[in-house]
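A.B. asks: Here is a sequence with its predicted model. Questions after.
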Amino acid sequence: MTDTSNTDASVDQKLKEAYFTASQGQLIWQRFKKNKSALVGAWILMFLILSGIFAPFLTPYDATIAGRDKDYLNGAPEVPRFWDENGFSARPFIYTAERTRSIKTNFRWVTELKTDLEDRRYVTFFSKGQEFKFLGMKFERHLFGVDKDMIHIFGTDSTGKDIYSRTLSAIKTSMAVGTIGVFIAFVMALIIGGIAGYYGGWIDSVLQMITDTVRTIPSIPLFMALAAFVPDVWSAEMRFFFISIVLGFIGWPTLARRIRTHLLTERNQEYVLAAQLCGASSSHVIRRHLLPSFTSYIIVDLVISFPYMVLSETALSFIGLGLKDPVNSLGVMLQNVTSADVLLNYQWYFIPVIFFIVLVLAFVFVGDGLRDAADPYSDASK
C-alpha cells in the first residue's frame, strides 16, 4: 500500500514539474488538444491545405482550359461503382455516356448511360496523364484516372473543365492569396504597432491617426475604385499579386492596435529596463524581448485573420472585382452559381461552395481554439 502511494505521489510530482517547466507553446498545445472541435478543425484544415498543395497529383486533369472535356459540357458527376445488373467488379468503373440535345429538351444536354460490359470505363490508380510541374520537376502520374476517355467525379462546367480539378486548384489559389495578404499585414502590424507601443507620445498619436484612417476606409468603394484602375491587359498573375497586396495593406490595423496595447503595458517591465541599461537598442528590445512575450497571441491573430482574407478574396472575385478566369479561385468558381439555370439544372456547381464553407469553418474553429488555449484565464486552460 505504501509503495503504491509513493508511486502516485512521484507521478504527481513529475506532472507538476512538467507543467511548471513547460514552455508557453507546450502549454498552449496541451490546452488546444482538449478542445475537440478545434482539433477536428485542425485535421480538416490540414487535409484541405495538403489537397491544395498536391492538387496537380490528386486531380486527373489540368484545371485550366487545357484540361477540358469538349464532349462532356455541363456534365453530371460520374461516381465510380463496383456492381450493376451485369454483376460485381473488383475494379471500380463508370459508364460511358452518350449525350444528345434537341429542340425537345430546349437544346439542353440529355445524357444516356451505356450499361453494357464493353462500355465500362475502369478506374485506374497512379495512371499516366497530362504532364504537370511540381517543385520545378515534371511529372505525368496522377492519383487516379480511367483506362479510356475521361472521368469527372464532381462533373464539369459549361466549358467542359473538370470541377474536381478546379476545386482543389481553387483552394490552393485562395490560400496563396490569403498567405500573401496575411504576411503583408503581419509585417506592417509588427512595425507600426511595435513603434507606436514602444515609443508612445506623439509618435504613437500620429501612427494611431494613420491606423484609424485606414480602418475607416470603406472597403467596397475602395475595391470598386481599384477595379477601375486595374488595366484589362494585366495578366492573371499580375492581378493575383495586386489583389494579395491590397488585402494585406488594408488588413493590418487590428493586429497593430493589439501589439501597441501589449507593448504599452510591457515596455516599463523590469526585464525591458534591464535590457535598456545593458545598452540594447530599441529595435533589439522590441524584436528580442517584447514581441516574443506576445508571440502566442500574434499567432492566434494570424490564424483568425486567414478566413477573413479568404472571404475577402472570394467576395471580390464573386462580384467581379478580384481574380478572373483562367485563374481558379473559390471566388471565381462561386461566380458560376449565381444563375437560376444552375440552381435548377446543374446542382453540382455548388460542390465548391461546400469546400469553401468547410474551409472557413475549419479556420474559425482552429482560431477560436488557439485563442482559448493562449488565454490563461479561459476555460480551456483549466
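C.D. replies: It's in. Remember, predicted model here, so these are calculated numbers, not experimental data. Residues are numbered from 1 along each chain as shown.

A.B. asks: alpha carbons only for contacts and neighbour counts from here, please
C.D. replies: Will do.

A.B. asks: gap between residue 181 and residue 282?
C.D. replies: According to Cα to Cα, to the nearest Å, residue 181 and residue 282 sit 28 Å apart.

A.B. asks: ditto for residue 194
C.D. replies: Taking Cα to Cα, one finds residue 194 at 10 Å from residue 282.

A.B. asks: Those two: which has the busier surroundings?
C.D. replies: Per other Cα atoms under 10 Å, whichever of residue 194 and residue 282 has more neighbours is residue 194, with 27 against 14.

A.B. asks: so which strand or helix has the more buried one?
C.D. replies: Assigned by DSSP states H and E, residue 194 belongs to helix 163-199.

A.B. asks: Same question for residue 129.
C.D. replies: Residue 129 belongs to strand 120-134, assigned by DSSP H and E.

A.B. asks: Could you name the helices and strands sitting against the helix or strand that that strand is followed by?
C.D. replies: Sequence-wise, the next helix or strand beyond strand 120-134 is strand 137-146, with elements assigned using DSSP H and E. Contacts defined by 3 or more Cα pairs under 8 Å, 6 or more residues apart in numbering; DSSP states H and E place strand 137-146 against helix 55-58, strand 120-134.

A.B. asks: Check which residues of strand 137-146 are buried.
C.D. replies: For strand 137-146, a neighbour-count test (16 or more other Cα atoms under 10 Å) marks 141-146 as buried.

A.B. asks: what's near enough to touch the closest residue to residue 215 other than its chain neighbours?
C.D. replies: Using Cα to Cα, 6 or more residues apart in numbering and skipping the chain neighbours, the partner closest in space to residue 215 is residue 253 (6.5 Å). Residue 253 sits next to 189, 211-212, 214-215 when contact means Cα atoms under 8 Å, 6 or more residues apart in numbering.

A.B. asks: And those, which is closest to residue 273?
C.D. replies: Top of the list for closeness to residue 273, among the contacts of residue 253 and by Cα to Cα, is residue 189 at 23.9 Å.

A.B. asks: pretty sure the closest one is touching residue 256, no?
C.D. replies: Yes - with contact defined as Cα atoms under 8 Å, residue 189 reaches residue 256; the gap is 4.1 Å.

A.B. asks: More neighbours: the two, which one.
C.D. replies: Per other Cα under 10 Å, whichever of residue 189 and residue 256 has more neighbours is residue 256, with 28 against 25.

A.B. asks: Tell me, what's the model's pLDDT at that one?
C.D. replies: pLDDT for residue 256: 88.

A.B. asks: same check, this time on residue 23
C.D. replies: For residue 23, the model assigns a pLDDT of 66.

A.B. asks: tell me which element residue 355 falls in.
C.D. replies: Assigned by DSSP H and E, residue 355 falls in helix 351-374.

A.B. asks: Run through the stretch 151-300 of the chain and note the low-pLDDT ranges.
C.D. replies: 235-237 (pLDDT under 70).

A.B. asks: In it, what residue spans correspond to helices?
C.D. replies: In the stretch 151-300 of the chain, the segments counted as helices under DSSP state H, counting those that start in this stretch are 163-199, 201-216, 219-229, 236-249, 253-266, 270-277, 282-285, 295-318.

A.B. asks: possible to save the ones you listed as TSV with distance to residue 137?
C.D. replies: Putting the helices of the stretch 151-300 of the chain into TSV (distance: least, Cα to Cα, whole Å) gives the following:
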stretch	distance to residue 137
helix 163-199	18
helix 201-216	43
helix 219-229	36
helix 236-249	21
helix 253-266	39
helix 270-277	49
helix 282-285	41
helix 295-318	29
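
A.B. asks: got the contact list for the nearest residue to residue 334 once chain neighbours are set aside?
C.D. replies: In space, and not counting its chain neighbours, residue 334 is closest to residue 318: 6.1 Å by Cα to Cα, 6+ apart. Taking Cα under 8 Å, 6+ apart, we find residue 318 in contact with 331-335.
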